[in-house]
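[1] Sharing a model prediction with you, sequence too.
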Amino acid sequence: MRAIARIGAAIATCLALPGAALAKDPDTRDFCGELRAIAGVGRVIPEALSLDYQRSLPCITSALPEFADRLNSREFAGKSPWLREYLSLTDTAAEILQTYGAPAVRVFREHDSLAVIDALAAGARHTERGVRINSAVILSNVIDNTSTCVVLDHLAAPVRESEVDNPDIVGRSNLIGTTLSVALWAHRDNALALKQTLDRIRERISGLPDAVQNNLVKTKGRIEAVEARLDAARNGEGLISPDHGKAFIDVPLPEEMRAACAAHTYRYWLTDNPYIPVTQ
């Protein structure tokens with residue numbers, strides 16, 4: 001995350017970038033152009049742009065799908081320009097969401113898409129730690145019934161199990177953790193698919209050597225935490241009245257959400273995926 005001490009460096013960045021100086025009249029500014037110009041060189045996006053989250057978040061969400069294929073390839077990015085830009089954009093988005101809470105989350109959701117969630121889910125399991133952290137923080141704030149299917153797709157990705165942590169293990173744990181945010185109000189289709197996914201992961205883990213299982217304590221704990229929330233929702237104990245989780249978990253996924261998940265191009269969950277229509 002960005003620190004306040006870095007704001008001075010951000011201002012200096014704006015002054016140093018040709019064409020990126022902040023326009024005085026907000027109505028004539030190329031807001032997204034300014035934001036992308038700064039992020040494009042991997043610099044901190046200044047508060048003069050980031051604090052106007054009703055405009056900055058739509059700019060960020062529109063950019064994130066551009067990174068999806070690179071993030072999914074999990075290439076070692078080092079200090080590559082695209083990685084620095086992704087970190088700059090997601091630093092800003094994560095800070096906004098954590099600072100402004102529900103109003104900022106609503107703005108993000110109004111402008112996101114399954115392609116945005118695909119990029120973030122890939123980021124949450126990337127080889128670069130900063131990418132993983134930023135992506136998981138954003139996902140934990142914005143995942144909902146419309147996007148659960150995409151996160152579950154990434155939970156079907158191959159994992160290199162090991163006695164020590166690696167990006168596969170940490171990334172899987174990150175993604176399981178993000179589903180905590182939606183488990184209490186998951187619609188029936190998502191709740192069943194989430195439980196199916198957790199069962200598959202548990203079965204895989206249970207067959208591993210003890211030394212490897214001992215390294216998966218956090219993963220197991222997060223599985224149990226998500227399942228506890230699903231159970232609470234089934235028992236009508238999920239949310240504060242009158243929005244008990246049971247009011248959601250007994251209701252099928254709305255048709256427009258089901259159609260979007262059915263039309264999504266899945267990367268990993270290609271068999272026994274309840275969101276993919278069965279073709280005759």
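    Structure's in. What do you need?
[2] So for the most centrally placed residue in the chain, what pLDDT did the model give?
    When the chain is reduced to its mean C-alpha position, the closest residue under Cα atoms, centre = their mean turns out to be Leu139, at 2.7 Å. In the predicted model, Leu139 carries a pLDDT score of 98.
[3] ok, it - contacts?
    By Cβ atoms under 8 Å, 6 or more residues apart in numbering, Leu139 lies in contact with Ile117, Leu120, Ala121, Ala124, Val151, Leu175, Thr178. C-beta coordinates here come from the backbone N, C-alpha and C atoms, glycine included.
[4] Can you say which helix or strand has it in it?
    When secondary structure is defined using DSSP states H and E, the element that contains Leu139 is helix 129-142.
[5] Can you give the contact residues for the next helix or strand after that helix?
    Sequence order places helix 148-154 as the next helix or strand after helix 129-142, per DSSP H and E. Outside of helix 148-154, the residues within contact range by Cβ under 8 Å, 6+ apart are 114, 117-118, 121-122, 124-125, 139, 143, 175, 178-179, 182, 186, 190, 193-194, 197, 261, 264, 266-269, 273, 275.
[6] Repeat that for stretch 113-121.
    With Cβ under 8 Å, 6+ apart, stretch 113-121 has contacts from 61, 64-68, 71-72, 135, 138-139, 142-143, 146-147, 149-151, 153-154, 175, 260-261, 264, 267.
[7] Any buried residues in that stretch, and which?
    In terms of neighbour count (16 or more other Cβ atoms under 10 Å), stretch 113-121 has its buried residues at Ser113, Leu114, Ala115, Val116, Ile117, Asp118, Ala119, Leu120, Ala121.
[8] still on that earlier bit, please pick the buried ones from the contacts of stretch 113-121.
    For these, burial is judged from neighbour counts taken by 16+ other Cβ under 10 Å, and it is met by 61, 64-65, 67-68, 71-72, 135, 138-139, 142-143, 146-147, 149-151, 153-154, 175, 260-261, 264, 267.
[9] what kind of secondary structure is the nearest residue to Val150 once chain neighbours are set aside in?
    Using Cβ to Cβ, 6 or more residues apart in numbering and skipping residues adjacent in sequence, the residue nearest Val150 is Ile117, 4.4 Å away. Assigned state for Ile117: helix (three-state reduction, DSSP: H, G, I helix; E, B strand; the rest coil).
[10] returning to that earlier point: skip the chain neighbours and tell me the closest residue to the residue nearest to the centre of the chain.
    Distances taken as Cβ to Cβ, 6+ apart put Thr178 closest to Leu139, at 4.3 Å, once the chain neighbours are dropped.
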